[in-house]
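Q: fold the stuff below for me.
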Amino acid sequence: MTKPQIGETVYLKKSAPGFRDTSSHTIKNIERKSTGVFVAVLENDRRVVFRQLTDIPCEQMECGKCKWHNSKEKGEKE
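A: Numbers count the residues shown, from 1 in each chain. Model (predicted):
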């Protein structure tokens with residue numbers, strides 16, 4: 001995902017703290033923290049670092065390799 005812009009629809013990645021929110025969000029502002037990190041301000045005033053955002057909903061990402069969707073069962077051997 002390229003740098004998000006104001007008005008863009010985004011989703012939180014599963015690795016983001018407080019991931020339980022799977023709904024889409026709109027970026028209403030972009031701020032720079034004192035540490036130099038850019039954060040997106042969502043429509044609900046939540047501030048999220050860019051690396052925790054994605055433009056593709058999780059259910060459409062079918063990689064099968066991340067720690068949340070491991071393609072192999074735990075007891076299964078290769």
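Q: all contacts plus neighbour counts: C-alpha atoms, from now on.
A: Will do.
Q: list the strands paired with the longest strand along the chain, with their directions.
A: In the chain, with assignment by DSSP state E, the single longest strand is strand 25-32. Sheet pairing for strand 25-32, assigned by DSSP bridges, gives strand 9-12 (antiparallel), strand 38-42 (antiparallel).
Q: pull the CA atoms of it into PDB?
A: Extracted in PDB, the C-alpha atoms of strand 25-32 (Å, rounded to 0.1, in the frame of the first residue of the first chain):
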ATOM      1  CA  HIS A  25     -12.400   3.500   8.100                       C
ATOM      2  CA  THR A  26     -11.800   6.800   6.300                       C
ATOM      3  CA  ILE A  27      -8.700   8.900   7.000                       C
ATOM      4  CA  LYS A  28      -9.800  12.400   8.000                       C
ATOM      5  CA  ASN A  29      -6.300  13.800   8.700                       C
ATOM      6  CA  ILE A  30      -2.600  13.000   8.700                       C
ATOM      7  CA  GLU A  31      -0.400  14.100  11.600                       C
ATOM      8  CA  ARG A  32       3.200  13.900  12.400                       C
END
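Q: show me what it is in contact with.
A: The contact list for strand 25-32 (Cα atoms under 8 Å, 6 or more residues apart in numbering) reads 4-11, 38-43.
Q: mind running it again at 10 Å?
A: 4-12, 37-50, 53, 55 (Cα atoms under 10 Å, 6 or more residues apart in numbering).
Q: with stretch 48-62 instead?
A: 1-4, 8-17, 19, 22-25, 27, 30-33, 37-42, 69, 71.
Q: which parts of that stretch are buried?
A: V48, V49, F50, Q52, L53, T54, D55 (16 or more other Cα atoms under 10 Å).
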